[in-house]
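Student: can't give you the sequence, but here's the structure:
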């Protein structure tokens, strides 16, 4: 004997609605059911050819009036879905072909039903895919490209209302994307699949079945990552030395204990040089010190996504260019606007320092004016400039100067004072 429990995580958004209900259809119980995929063998029975029962979610529509919509919902209240590391969401959709309930499609201006897929934080913050429903499986295949749909959040007039519809790049004719609110791919708590009878486009009342199968995430971002480090040093005896190091890591690089990369391209490098100019002086100038130091460090971060969002930078740049051109801007101006988005997403920090750490001249002239003044003076000077920009700081510049002058005066043993001599000896 075998006992199986079967559950359904989908539910009607509105309970006890005679116009809409959900169920399942499968090969064994529904002779007119056509599967979009070939049946699989039962892996638990390797010695027998037993095919698994393939089934789909059925959206049963009964008398849906013009302008009305119904949907099924799947909730993730405890642990929301994180779709950030995937590139697309796909599913199979079937429009009814049976006589009496056949869904009618003439063109993108004359059809009975629209299918829509919504996913996001809640009913006020979600992404939406929408397309006219056709007969059969293949014409209705849904493919939501995350890079395209998230980029719609740029250039909207309001985040509280639905955005304008944007045609998909690879979907069937009439398929569009829309966004409402501020959804994010890292916090998907609801998925809704529904149908709508569009006003004034087809039948005023629709009765049919819509089959949904294989809702799935595809194109996982498993791009190999890389990182490297370079160190070099050149030393010219005791006259000069130069050192250089550079580190770079791409967005996909991660350690063994992490699953995904940081989604941030990091690059940093540093250059330092020291020159001892006193080595070029004659031996008679012994004791002279004239060193010069230079250093420069640069750190740059280029995120894959706009900071604080799920919008890829590349898609944001292209979307900005398209919006500028639609607004009538010339191509060079639109490109500059796109590059502005790229620059504002980056973080760049540069520090440069020049210094004379210890300057002392010992001039070999036996003249009191030279030996007691110039030869006993020491100097030091440094100049540092820093600049920084980031998504939260448009520009930051800082300069710093430091200078020091010292004079060394040696007293002989005979030059002393005794402030307490009046006390006498004990």
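Tutor: Yes, it's here. For clarity, every value in this text was computed on a predicted model and none was experimentally measured.
Student: Contact partners for the most centrally placed residue in the chain?
Tutor: Closest to where the C-alpha atoms of the chain average out (C-alpha atoms, centre = their mean) is residue 305, at 2.1 Å. By C-beta atoms under 8 Å, 6 or more residues apart in numbering, the residues touching residue 305 are 263, 311, 312, 313. The C-beta positions use only the backbone N, C-alpha and C, and glycine is treated the same way.
Student: beta partners for it?
Tutor: With DSSP bridges as the criterion, residue 305 is bridged to residue 312.
Student: Might you report the residue contacts of residue 280?
Tutor: residue 239 are the contacts of residue 280 under C-beta under 8 Å, 6+ apart.
Student: Please identify, among the contacts of residue 305, the one with the most neighbours.
Tutor: For the contacts of residue 305, the largest number of neighbours (other C-beta atoms under 10 Å) sits with residue 311, at 24 neighbours.
Student: what's around the residue nearest to it when sequence neighbours are not counted, how many residues?
Tutor: Leaving out its chain neighbours, the residue that sits closest to residue 311 by C-beta to C-beta, 6 or more residues apart in numbering is residue 150, at 4.6 Å. Counted with other C-beta under 10 Å, residues neighbouring residue 150 total 24.
Student: before we move on, what about residue 396?
Tutor: For residue 396, using other C-beta under 10 Å, the count is 11.
Student: was I right about it contacting residue 350?
Tutor: No - the criterion here is C-beta atoms under 8 Å, and residue 396 misses it with residue 350 at 10.7 Å.
Student: Overlap in contacts, the two.
Tutor: 386, 387, 388.
Student: For the second one, name its beta-bridge partners.
Tutor: Read that as residue 387. Beta-bridge partners recorded for residue 387 (DSSP bridges): residue 350, residue 397.
Student: thought it was touching residue 397?
Tutor: Yes - using C-beta under 8 Å, residue 387 makes contact with residue 397 at a distance of 5.1 Å.
Student: more crowded one of the two?
Tutor: Each of residue 387 and residue 397 has its neighbours counted (other C-beta under 10 Å); residue 387 has more, 15 against 9.
Student: all strands for the stretch 151-300 of the chain, in order.
Tutor: Remark: strands assigned in the stretch 151-300 of the chain by DSSP state E, counting those that start in this stretch are 166-167, 176-180, 190-196, 205-220, 227-236, 240-249, 264-276, 289-303.
Student: could I get the ones you listed as CSV with mean neighbour count and mean pLDDT?
Tutor: CSV is the format used below for the strands of the stretch 151-300 of the chain (neighbours: other C-beta atoms under 10 Å; pLDDT from 0 to 100):
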stretch, mean neighbour count, mean pLDDT
strand 166-167, 14, 93
strand 176-180, 20, 95
strand 190-196, 21, 96
strand 205-220, 17, 93
strand 227-236, 10, 94
strand 240-249, 16, 95
strand 264-276, 16, 95
strand 289-303, 16, 95
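Student: Kindly present the ones you listed as JSON lines, with separate columns for distance to residue 282.
Tutor: What follows is the strands of the stretch 151-300 of the chain, written out as JSON lines (distance: least, C-beta to C-beta, whole Å):
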{"stretch": "strand 166-167", "distance to residue 282": "77"}
{"stretch": "strand 176-180", "distance to residue 282": "76"}
{"stretch": "strand 190-196", "distance to residue 282": "83"}
{"stretch": "strand 205-220", "distance to residue 282": "70"}
{"stretch": "strand 227-236", "distance to residue 282": "19"}
{"stretch": "strand 240-249", "distance to residue 282": "19"}
{"stretch": "strand 264-276", "distance to residue 282": "15"}
{"stretch": "strand 289-303", "distance to residue 282": "13"}
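Student: Minimum distance to residue 160: which of the ones you listed has it?
Tutor: Of all the strands of the stretch 151-300 of the chain, it is strand 176-180 that lies closest to residue 160, at 8.1 Å by C-beta to C-beta.
Student: So in this structure, where's the weakest helix or strand by average pLDDT?
Tutor: helix 368-371 (a mean of 84; mean pLDDT, DSSP states H and E).
Student: Might you quantify the distance of it from its chain's geometric centre?
Tutor: Centroid separation between helix 368-371 and its chain, computed with C-alpha atoms, centre = their mean, to the nearest Å, is 67 Å.
Student: follow-up on the earlier one: distance of the residue nearest to residue 311 relative to residue 184?
Tutor: Going from residue 150 to residue 184 by C-beta to C-beta, to the nearest Å gives 9 Å.
Student: now residue 151
Tutor: 14 Å.
Student: ok, these two, which is more surrounded?
Tutor: Between residue 151 and residue 184, counting by other C-beta under 10 Å, residue 151 is the more crowded of the two (27 against 21).
Student: which stretches of this structure have low pLDDT?
Tutor: The model of the chain has pLDDT under 70 over residues 1-8, 40-50, 259, 415-416, 424-426.
Student: swap the cut-off to 80 and go again
Tutor: 1-8, 38-52, 155-160, 222, 255-262, 409-426 (pLDDT under 80).
Student: quick one: the helices in it?
Tutor: Taking DSSP state H as the criterion, the chain carries its helices at 146-150, 313-326, 331-345, 368-371.
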